[in-house]
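Participant: need the 3D shape of this:
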Amino acid sequence: MARPSLEHHWKSKINDDEWEKHRKTFVDRLSNTNIAAGLVLTTSAVFVSTQPPLTSFLPYTIRACYVLALGSFAHALGGLLSGLAVVNIYEACLDGHTLSTVLYTSIHQLADYIPHHFYPLFDVM
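Facilitator: The predicted model follows:
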């Protein structure tokens, strides 16, 4: 998050006030990125699904334009979904210890950890 090293990130996990400040800043920035990804997703969906009003002015119905628009759609969708996942994980981690546990576990431990600790978040949704 606009820092030259990860030292600030690791130090924020020690102090609860610093962790809350870091988490809020991170979630706010990622939420803005998710809004931009949603706008790109919507725009590319419009370009893929509609005919241009003036084909002589902007002929985006050729194959190359569709391939690029579908690529843009796929990347925006992937970015939006992964951004939402990260925001939900950060919102569920009320302390730095929970996030440290998620970051340092193996895939088998993580598969066992996530349903038990993050189920209340998904239950509310």
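Participant: which strand or helix spans the residue lying farthest from the centre of the chain?
Facilitator: Relative to the centre of the chain, the most outlying C-alpha is that of Ser56, 37.8 Å out, by CA atoms, centre = their mean. With elements delineated by DSSP states H and E, Ser56 resides in a region that no helix or strand encompasses.
Participant: just the pLDDT at it, thanks.
Facilitator: The confidence metric pLDDT takes the value 75 at Ser56.
Participant: how far away is it from Ala45?
Facilitator: 24 Å (CB to CB, to the nearest Å). The way it works is simple: take the backbone N, C-alpha and C, and place the C-beta from them, glycine included.
Participant: what's the answer for Glu18, then?
Facilitator: When CB to CB is applied, the distance between Glu18 and Ala45 equals 40 Å.
Participant: got it, and Tyr60?
Facilitator: Between Tyr60 and Ala45 the distance, using CB to CB, works out to 13 Å.
Participant: go on, Gln51?
Facilitator: On the measure of CB to CB, Gln51 and Ala45 end up 14 Å apart.
Participant: now Glu91
Facilitator: Here the distance between Glu91 and Ala45 works out to 27 Å (CB to CB).
Participant: give the contact list for Phe47.
Facilitator: Contact criterion CB atoms under 8 Å, 6 or more residues apart in numbering gives Tyr60, Cys65, Ala69 as the residues in contact with Phe47.
Participant: just want the most central residue of this structure.
Facilitator: For the chain, the residue nearest the mean C-alpha position is Gly83 (0.5 Å; CA atoms, centre = their mean).
Participant: and for it, nearest residue in space, chain neighbours not counted?
Facilitator: By the measure of CB to CB, 6 or more residues apart in numbering, the closest residue to Gly83 outside its immediate chain neighbours is Asn34, 4.4 Å from it.
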